[in-house]
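>>> sharing a model prediction with you, sequence too.
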Amino acid sequence: MSEKTLYGQAKEAFVENGDVESFVTLDTNRLSLQRLLDYYKKPFKFIVIHGEPGVGKSMLIKKYASQIGSDDLVVHYKPFFSLDDFKKSLALQLFGDEKIDP
């Protein structure tokens, strides 16, 4: 029977498992989630979340989605390297067409 190394155990502690129940409710995370939930009550809902890799953006969005229970939530989990790439991806998701006016 092989035991995991201390390094392996430490590394696993920071691997995202995708389970929203493992969302760590630090003050900053709780505040960010509450701001998103408050913003959801507004009529126009367009949110851009950005930040360094590994800070919890994806987990925050997964927790947000689980709390609002909306089927029309559009999430792009990949980085965009230009404004045109962002526009094309958004148009494709919303309208099924990449052709948009600049």
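That came in fine, so what should we check first?
>>> name the helix or strand of this protein that has the lowest mean pLDDT.
Using mean pLDDT, DSSP states H and E, the weakest-scoring helix or strand in the chain turns out to be helix 6-13, at a mean of 68.
>>> after it, which helix or strand is next?
Sequence-wise, the next helix or strand beyond helix 6-13 is helix 27-39, with elements assigned using DSSP states H and E.
>>> C-alpha coordinates for the helix or strand just after that next one, CSV please?
From helix 27-39 onward toward the C-terminus, using DSSP H and E, the following helix or strand is helix 57-68. As requested, C-alpha coordinates have been extracted for helix 57-68 and formatted as CSV (Å, rounded to 0.1, in the frame of the first residue of the first chain):
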residue,chain,number,x,y,z
LYS,A,57,-13.5,32.9,-10.3
SER,A,58,-15.0,29.6,-11.6
MET,A,59,-16.0,28.4,-8.2
LEU,A,60,-17.7,31.7,-7.5
ILE,A,61,-19.7,31.5,-10.7
LYS,A,62,-20.7,27.9,-10.0
LYS,A,63,-21.9,28.8,-6.5
TYR,A,64,-23.7,31.8,-8.0
ALA,A,65,-25.4,29.7,-10.6
SER,A,66,-26.5,27.1,-8.0
GLN,A,67,-28.1,29.8,-5.9
ILE,A,68,-30.0,31.6,-8.7
